[in-house]
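In: Predicted structure and sequence below. I'll ask about it afterward.
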Amino acid sequence: MTTTLRPRPKPSSNGSSPPTRFDIEPPNHGSARSKWPEITLGLLVVALFALVGTWFYSSTSDREPVIAVRNPIERGQQITAGDLMVVDVASEQAINALPSDQSGQVLGRSALVDLAPGTLVSGDLFAEQAQIADGDGVVGLALDPGEYPTLTLAPGDRVRVVETPKGTDATTEIVLVADAEVIDVTPIGVQNQLFVSVSMAATEADAVVAAASQDRVRLVQVAGS
């Protein structure tokens with residue numbers, strides 16, 4: 001890169017000699033070539049390799065066919081083949097879902113909770129359909145700790161169904177069913193919640209359902225268990 005120095009004209013005829021001055025002209029670089037095409041090309045190459053790597057990883061990951069919910073399922077609904085579908089999921093970690101060839105474990109059983117489409121199916125989401133005698137009714141109760149008498153509650157146990165007081169000033173509990181039979185107990189959630197199916201007279205079931213909808217039902221274990 002060269003800078004050209006050009007001297008000023010010679011002194012004038014009057015004899016005065018002005019100081020020598022130089023005009024400095026910047027070097028001519030010519031038209032600067034843009035580097036944006038190379039930068040853009042480099043970014044495209046990096047993005048392409050990232051996409052190829054992602055595709056390769058996803059295509060080589062182990063996938064396993066499992067059972068999932070096809071249609072919305074309400075709590076208490078009996079499961080049919082039309083409610084289920086098979087989906088492929090990555091199996092790098094343990095999956096709490098039934099393999100595609102084990103749908104028989106849930107067909108004909110009742111859902112313990114509401115299930116949205118796409119939910120992976122596991123056996124602990126369902127219970128056996130209760131056999132109901134003439135004149136009886138079965139009520140399913142989702143109970144938190146303190147709303148049932150013991151973690152060892154089991155089918156065949158006898159319980160009293162109590163409605164707790166409504167409001168802070170009320171103190172009197174109401175016995176809705178003096179003697180009912182537990183026919184199924186299934187753990188739900190992760191905080192010792194239980195889904196308890198209780199058999200009672202059909203005439204008592206409506207009152208129990210109404211109290212349960214307000215979270216006012218408690219079970220008391222009684223003699224005969």
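Out: All right, it came through fine.

In: When you work out contacts or count neighbours from here on, use the C-alpha atoms and nothing else.
Out: Will do.

In: Going along the chain, name the helices of this structure.
Out: 36-60, 202-213 (DSSP state H).

In: Of the ones you listed, flag the one that's most buried.
Out: Across the helices of the chain, averaging neighbours per residue (mean count of other CA atoms under 10 Å) puts helix 202-213 on top, at a mean of 16.

In: sorry, back to before: tabulate the helices of the chain (TSV), appending distance to L120.
Out: Below are these laid out as TSV (distance: least, CA to CA, whole Å):
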stretch	distance to L120
helix 36-60	20
helix 202-213	27
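
In: ok, longest strand in the chain?
Out: Among the segments of the chain that qualify as a strand by DSSP state E, the longest is strand 174-188.

In: That strand - which strands sit beside it in the sheet, and in what orientation?
Out: Next to strand 174-188 in the sheet, as set by DSSP bridges, lie strand 158-163 (antiparallel), strand 193-201 (antiparallel).

In: what's the closest of the ones you listed to F126?
Out: Of all the strands paired with strand 174-188, strand 193-201 sits nearest to F126, with 10.0 Å by CA to CA.

In: What average pLDDT does the closest one get?
Out: On average, the pLDDT along strand 193-201 is 91.

In: Beta-bridge partners for L120, please?
Out: A68.

In: list the contacts for it?
Out: L120 is in contact with V66, I67, A68, V69, N96, A97, L98, counting by CA atoms under 8 Å, 6 or more residues apart in numbering.

In: gap between stretch 102-116 and the chain center?
Out: How far stretch 102-116 lies from its chain's middle: 18 Å, per CA atoms, centre = their mean, to the nearest Å.

In: Pull out the buried residues from it.
Out: For stretch 102-116, a neighbour-count test (16 or more other CA atoms under 10 Å) marks S103, V106, L107, G108, R109, S110, A111, L112, V113, L115 as buried.

In: Looking at those residues, spot the one nearest V161.
Out: Distances from V161 to the buried residues of stretch 102-116, taken as CA to CA, are shortest for L112 (19.7 Å).

In: For that closest one, grab phi and psi.
Out: phi -90, psi -20 (degrees, to the nearest 10).

In: wait, isn't it in contact with R75?
Out: Yes: using CA atoms under 8 Å, L112 is in contact with R75, at 5.2 Å.

In: any idea of the mean pLDDT for the longest strand of the chain?
Out: Taken as a whole, strand 174-188 carries a mean pLDDT of 90.

In: Any idea which of the strands paired with strand 174-188 gets closest to G137?
Out: Nearest to G137 among the strands paired with strand 174-188 is strand 193-201 (5.4 Å), distances taken as CA to CA.
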